[in-house]
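Peer 1: A predicted structure for the sequence below; I have some questions about it.
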Number of protein chains: 2
Amino acid sequence: MSGGRLPVEPADLRVFFEPRNVAVVGASANPTKWGYYIFHNAAAGGFTGRLFPVNRSGGTLFGHPVLRTVEDLPQGEVDLAVVVVPPDQVPGCVEGLAGRGVRAVYVVTGGYSETGAAGAARERELAALATRHGLLLAGPNGQGLLSNPVGLSPQMAFARPPRGGLSMITQSGNIGATLMHYAHVGGVGFCRLISVGNSAMLGIEEFLAFLAEDEGTTAVALYVEGVRDGRRFADALRAAALRKPVVLLKGGRTPGGAAAALSHTGALAGNADLFGRLVEQLGAVVVPSLDRLFDVAAAFASTTPVAGPRVGVVTVGGGWGVVAADAIQEEGLELPDLPPPVVRELDAVLPDRWSRRNPVDLAGDIGPGTMHRCVQAVVECGAYDAVIHLGGGLVGFAGGLMRESPLYPDQGLDLVVEEAARRDQRLGEALARLAGRPSCPLLFASDAAASPGAAQNPGLAALRARGAP
Amino acid sequence: MSGGRLPVEPADLRVFFEPRNVAVVGASANPTKWGYYIFHNAAAGGFTGRLFPVNRSGGTLFGHPVLRTVEDLPQGEVDLAVVVVPPDQVPGCVEGLAGRGVRAVYVVTGGYSETGAAGAARERELAALATRHGLLLAGPNGQGLLSNPVGLSPQMAFARPPRGGLSMITQSGNIGATLMHYAHVGGVGFCRLISVGNSAMLGIEEFLAFLAEDEGTTAVALYVEGVRDGRRFADALRAAALRKPVVLLKGGRTPGGAAAALSHTGALAGNADLFGRLVEQLGAVVVPSLDRLFDVAAAFASTTPVAGPRVGVVTVGGGWGVVAADAIQEEGLELPDLPPPVVRELDAVLPDRWSRRNPVDLAGDIGPGTMHRCVQAVVECGAYDAVIHLGGGLVGFAGGLMRESPLYPDQGLDLVVEEAARRDQRLGEALARLAGRPSCPLLFASDAAASPGAAQNPGLAALRARGAP
């Protein structure tokens, strides 16, 4: 809950996300231990530096020789150590790591301030120890970290989202794991994630300052249960939100949630309404649920900011357009009608039954070429600050489900599926080019993006629309 | 928008969902036509009756001989025909079908009241024609239907949810498709679905009355854009909601949404607030979004009604517990503390760091046996009207992701994955037995349920919790 603070510059924290080589102390060959999963996930990510598992058992783990003690680490070559040993072994381990020239330590081990006064005292001692040795300390009681640009994932969570711009700071390991899982399934690109745990030394504030300057990070998702020093938090949040979008979910808004947070990370949750209003004044976006945290942060991460409230919608299916129109207007945004020249342009390529209004309901017409032309006309007409496209990738999506049909691959279904994939790829690439223009962001929402085959749906799955289904 | 109405009894509509044999008129070998997808989906579902594709081209389609005209159908043997021919051919087709003893016709073809006054006139003529011939008519301008108990799915949508108790009536084909897709991915069981389209003869009211009496349907999800006759709708909804849970999403709550609905199904959307309050007075549950429609309807479909507001939560991860506690209290439900005997009982099996309150935070302990014992203690203690379990299936979920690891199947990961699956199966079966008791419903929410491998996660994936992530 407290402890010494080194004077830390944002750039100093790069060592957590771009270390040369990494030790995992407590890496285990026993698959009932977290040390097994954490080292597996570190080893499976494609990290280009060396990984050193440390465990008194010796042997090898996933092909890496296991060092018996931290004293066996090569002097001055390991920047970051992830520690997952029992609490009584943590202090000795930290001292040993400092002796080998390690600069940053992430402590996964729990049993600190979240367990009461004795644990809080142990946590203060841990932070003081790290400070004495000039070590940067993250955790304890966190689930680990992710740094996708260097393929580093020493953590408990198994989801592996693709590389991208979304970064996350979370006071709950499993909330972080859930967001990574959403991104894994939905094909949304992740940059960094850190589970700050009890924040004995480094917490939300320090990592916010790092991400604000981090080139790979285009938006930050934040899960907060409690804040220790309101002024420091407010300063850090305001500074970060000036540089890039920050989306925040507050856990512990209700008395029951606040009580749960207290026994979870030892964080004291304050008045939620007041907190939410303060956060919005500081320039961050407050969301009420985990789903929304993901949708909004992912949309921010993958598009340029929208200049105004005028939203255009192009949909393959009418019902999706209705639901999206409701969501847009309920958010206080506008749905201006189609300019007459666009109506005339679309009249020339669409069948008679199309809607002739915004949302543009193509009424199921997903013929090659037509879709792209319609979206382009709406994006380029100047009447909208952003355009949402609903139902993209449906052809390939249907093809993917067809591949599971009991009639596949007889009956020529394989040819149909291949052609569908080709059509979808061409459309996806054309729409992705349109979406790359900063003047009018183009967002996508589609069942296809939530399907198991989303990663095969080029250009479409990486973007999810705010407030649309 | 209107038309003749036969005096219809709910049981009469069974012919749409349990026909002996089915014709698909306009079934096509051309994979750019809806008639191709609709017949594929009908043929791929395992329907035990005979399927008759009809198309003047002849030949065979997915192994079924194609009849050249409806006159070639065997007299008196086909109960249901799904029609997907151009609008000008529909009337002749309907007359021909009546002549072969067909009792019910589902018209997929669009171009009716959704296109304006001339289309509305065509629609009235179609309904009058069906009435003259004593035919039951669904549609036009619908995407099809699903009847999982008999493996019948003549429709455009490709998702194939497992069999179960959730049924849906939708005024939008693609909203229905999205719900089926959520259920397909999440492993939620579906019973019937009907896309009512423009409801020239049979609409929401008639199908509600059928589902209310349908034994296989345990809950009804309803997507409504507009209602033609408020009194008839109110009567049908009240009668249905008295018999089983009905969950309703209204499209067209905002001016933009209402305008989109008008050009979509020709439905007039009224005052949304008033409508919502009326619907709740009639005993249905109103939800604000498609995600919520799915979550709430799926939860109702798979559990008995909850007797009171006291909710207990057991979670594998602290953050999930915090978010769930907030959601529960924000819904106006209660989170009573754990009775002291339960605290003592769990103290005996859990490590010292567990939360000792509701939510019960197991703090990552998912050892075999312990989880089941904790959940059982909370379910059986009498202090809760319902219990939510968060994070189930995580072991198998991690195993599933491990199977995709670049290190698999070397390094013994295959053995770890198999053991994880076995553990998860045993736990899932034990929890499913607990969940089967009507006295205290047990709901589940888990990342695992939203994963591509959810269907392999026995006992857990079929249930999703209301308001929890």
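Peer 2: Done, it's in.

Peer 1: And the residue of the stretch 251-400 of chain A closest to chain B?
Peer 2: Nearest to chain B, among the residues of the stretch 251-400 of chain A, is residue A:319, at 2.4 Å (CB to the nearest CB). Bear in mind the C-beta positions are built from the backbone N, C-alpha and C, glycine included.

Peer 1: same thing with the stretch 151-300 of chain A?
Peer 2: For the stretch 151-300 of chain A, CB to the nearest CB, closest residue to chain B: residue A:172, 2.4 Å.

Peer 1: quick one: that residue and residue B:324, what's the gap?
Peer 2: Between residue A:172 and residue B:324 the distance is 12 Å, computed by CB to CB, to the nearest Å.

Peer 1: Repeat that for residue A:57.
Peer 2: With the distance defined as CB to CB, residue A:57 ends up 38 Å from residue B:324.

Peer 1: As a quick check, tell me the outermost residue of chain A.
Peer 2: Within chain A, residue A:352 marks the point farthest from the mean C-alpha position, 42.6 Å out by CA atoms, centre = their mean.

Peer 1: Where does that residue fall, secondary structure wise?
Peer 2: For residue A:352, there is no helix or strand it lies in under DSSP states H and E.

Peer 1: What of residue A:221?
Peer 2: Assigned by DSSP H and E, residue A:221 falls in strand A:219-224.

Peer 1: Return the list of helices and strands in contact with that strand.
Peer 2: strand A:163-170, helix A:173-186, helix A:204-213, strand A:246-250, helix A:290-302 (3 or more CB pairs under 8 Å, 6 or more residues apart in numbering or on different chains; DSSP states H and E).

Peer 1: how much does the first one deviate in direction from strand A:219-224?
Peer 2: Strand A:163-170 runs at 20 degrees relative to strand A:219-224, counting by axes from the mean of the first three to the mean of the last three CA atoms, to 10 degrees.

Peer 1: same thing with the longest one?
Peer 2: Counting by the same axes, to 10 degrees, helix A:173-186 points 150 degrees away from the direction of strand A:219-224.

Peer 1: Now the element after helix A:173-186, going C-ward?
Peer 2: strand A:190-195.

Peer 1: what comes into contact with that following strand?
Peer 2: Outside strand A:190-195, the residues that touch it by CB atoms under 8 Å, 6 or more residues apart in numbering or on different chains are A:16-17, A:138-139, A:142-149, A:155, A:161-173, A:176, A:179-180, A:183, A:207, A:211, A:214, A:216-218.

Peer 1: now residue A:41: how far from residue A:154?
Peer 2: Taken as CB to CB, the span from residue A:41 to residue A:154 is 7 Å.

Peer 1: My error: substitute residue A:132 in the last question.
Peer 2: According to CB to CB, residue A:132 stands 25 Å off from residue A:154.

Peer 1: Between those two, point out the one with more neighbours.
Peer 2: Between residue A:132 and residue A:154, counting by other CB atoms under 10 Å in any protein chain shown, residue A:154 is the more crowded of the two (28 against 12).

Peer 1: Compute the number of surrounding residues for the nearest residue to that one once chain neighbours are set aside.
Peer 2: Distance criterion CB to CB, 6 or more residues apart in numbering or on different chains; nearest residue to residue A:154, sequence neighbours excluded, is residue A:42 at 3.9 Å. For residue A:42, the count of nearby residues is 24 (other CB under 10 Å).

Peer 1: Repeat that for the one 10 residues further on.
Peer 2: Summarising burial for residue A:52: neighbours were counted as other CB under 10 Å, giving 23.

Peer 1: State the phi and psi torsions of it.
Peer 2: Backbone torsions of residue A:52, given as degrees, to the nearest 10, read phi -120, psi 100.

Peer 1: so what strands line up beside the strand holding residue A:221?
Peer 2: strand A:163-170 (parallel), strand A:246-250 (parallel) (DSSP bridges).

Peer 1: Perfect, that will be all.
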